[in-house]
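Enquirer: Predicted model follows, preceded by the sequence.
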Amino acid sequence: MSLFGGIEAGGTKFVCAVGSGPDDIRDEIRFPTTTPEETLGHAIKFFRKHHRQTPLQAIGVASFGPVDPNPASPTFGYVTTTPKPHWAHTDVVGRLRAALGLPVGFDTDVNGAALGEHRWGAAQGLDTFVYLTVGTGLGGGGMANGKLLHGLMHTEMGHMRIPHDRTRDPYKGWCTYHGDCWEGLSCGPAIEERWQTNARDLAPDHPAWALEAHYLALGLVNIITTLSPQRIIMGGGVMDQHQLFPMMRREVQALLNGYIQKPEVAAQIDQYIVPPGLGNRAGVLGAIALAQDAPAT
Ligand code: ADP
Ligand code: ZN
């Protein structure tokens, strides 16, 4: 059995694992994201130890961003313009390759999770689908026609613009760049600033969740009409509020208003907008999937 290393590189924490899939994770560690030197140093130490015991085939990194995921670019494998202190223009792949001498697969956190869901989770057998995370931010990735979405850079679905009724919701929005973009109105910190309460402490019937479902549904309809996904998978801390799923599904149907005549958005919508099949392990397993697909160097 070939072994791989996976790094779920988050803005808050790193999760590193060694294994070959959901039923075979041999070891896992997590630590806070500090400086690149310290954080990548921890990861390198962990993988070196394993590589000495049983050789690893490759490493995969599913990273917070923005990143450069284009293998033909001189800055491939960099975290690029992030406002996160110390991390702007950091060559993540180069450092790992130099230290470990292994091929490194690299993509956004959400494309990584999408790949993991495609291989082992809720997107098996599909060729066009979206993976969204709603947490500290709101990010989306996925596949179109069997390939991970890239293009100009990578998708930035969280920054799409959605209608904002300032009478219903005077909150200005959380996004530093746009204020009330999709992320700015819907991410965890936006909920907390709007309601002045920790999102975990808002009761399931609090009006915060109807508003959240409304905003999420507006963005989902835009994604459905532009990418034609066969399924939408939604993870991240905010989606631990499972009452959001039926509310969003109903609102998506109301907004589409019968326009898309497919059972997936009608009778079968419960299987169309779904939580990750891999649960909260989608990120780190996605990184292992990226390692499995890393081209040999
Ligand atoms: P990250 O975005 O760093 O990967 P999470 O997806 O857990 O991490 O997102 C963290 C944010 O999600 C928190 O700031 C909080 O606002 C929100 N959150 C986390 N857990 C819950 C929960 N159980 N219910 C509601 N909101 C939550
Ligand atoms: Zn924005």
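Expert: Ah, there it is. Ligands and ions are numbered 1, 2, ... in the order given.

Enquirer: Next, count neighbours for A282.
Expert: Counted with other Cβ atoms under 10 Å, residues neighbouring A282 total 32. Any C-beta I mention is one placed from the backbone N, CA and C, and that applies to glycine too.

Enquirer: Now do the same contact list for it.
Expert: 113, 116-117, 121, 131, 233, 235, 276 (Cβ atoms under 8 Å, 6 or more residues apart in numbering).

Enquirer: Which of the three states applies to it?
Expert: helix (DSSP: H, G, I helix; E, B strand; the rest coil).

Enquirer: For it, report the pLDDT, please.
Expert: In this model, A282 is scored at 96, pLDDT.

Enquirer: separation between it and V110?
Expert: 9 Å (Cβ to Cβ, to the nearest Å).

Enquirer: Between the two, which contacts overlap?
Expert: Y131.

Enquirer: quick one on the thing from earlier: inside strands: which ones of the contacts of A282?
Expert: 131, 233, 235 (DSSP state E).

Enquirer: nearest to ligand 1, of those?
Expert: Ligand 1 lies nearest to G235 out of the ones in strands among the contacts of A282, by Cβ to the nearest ligand atom, at 7.4 Å.

Enquirer: Which strand residues bridge that closest one?
Expert: T133 (DSSP bridges).

Enquirer: Wait, it touches L138, no?
Expert: No. Judged on Cβ atoms under 8 Å, G235 makes no contact with L138 at a distance of 11.3 Å.

Enquirer: re earlier: quick check: of the ones in strands among the contacts of A282, which lies closest to ligand 2?
Expert: Nearest to ligand 2 among these: Y131, at 18.9 Å, using Cβ to the ion.

Enquirer: burial of that closest one, as a residue count?
Expert: Neighbours of Y131 (other Cβ under 10 Å): 34.

Enquirer: Distance to ligand 1 added to the ones in strands among the contacts of A282, as a markdown table?
Expert: What follows is those, written out as a markdown table (distance: Cβ to the nearest ligand atom, whole Å):
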| residue | distance to ligand 1 |
| --- | --- |
| Y131 | 13 |
| I233 | 14 |
| G235 | 7 |
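
Enquirer: hmm, back to that, any shared contact partners between G235 and L138?
Expert: L132.

Enquirer: Look at those two and report which has more neighbours.
Expert: With neighbours defined as other Cβ under 10 Å, G235 and L138 compare such that L138 has more, 31 against 26.

Enquirer: What's the mean pLDDT across stretch 82-92?
Expert: 94.

Enquirer: ok, that stretch near ligand 2 or not?
Expert: No. Stretch 82-92 does not reach ligand 2 (Cβ under 5 Å from the ion); its nearest approach is 12.1 Å.

Enquirer: Could you see whether ligand 1 lies near that stretch?
Expert: No. Stretch 82-92 lies out of reach of ligand 1 by Cβ under 6 Å from any ligand atom, never closer than 11.5 Å.

Enquirer: which outside residues touch that stretch?
Expert: 9, 11, 33-36, 40, 61, 63-67, 75, 77-81, 106, 176.

Enquirer: Can you tell me which of those are buried?
Expert: Buried subset of the contacts of stretch 82-92 (neighbour count, 16 or more other Cβ atoms under 10 Å): 9, 11, 33, 36, 40, 61, 63-67, 77-79, 106.

Enquirer: show me the contacts for F4.
Expert: F4 neighbours (Cβ under 8 Å, 6+ apart): 18-20, 56-60, 288, 291-292.
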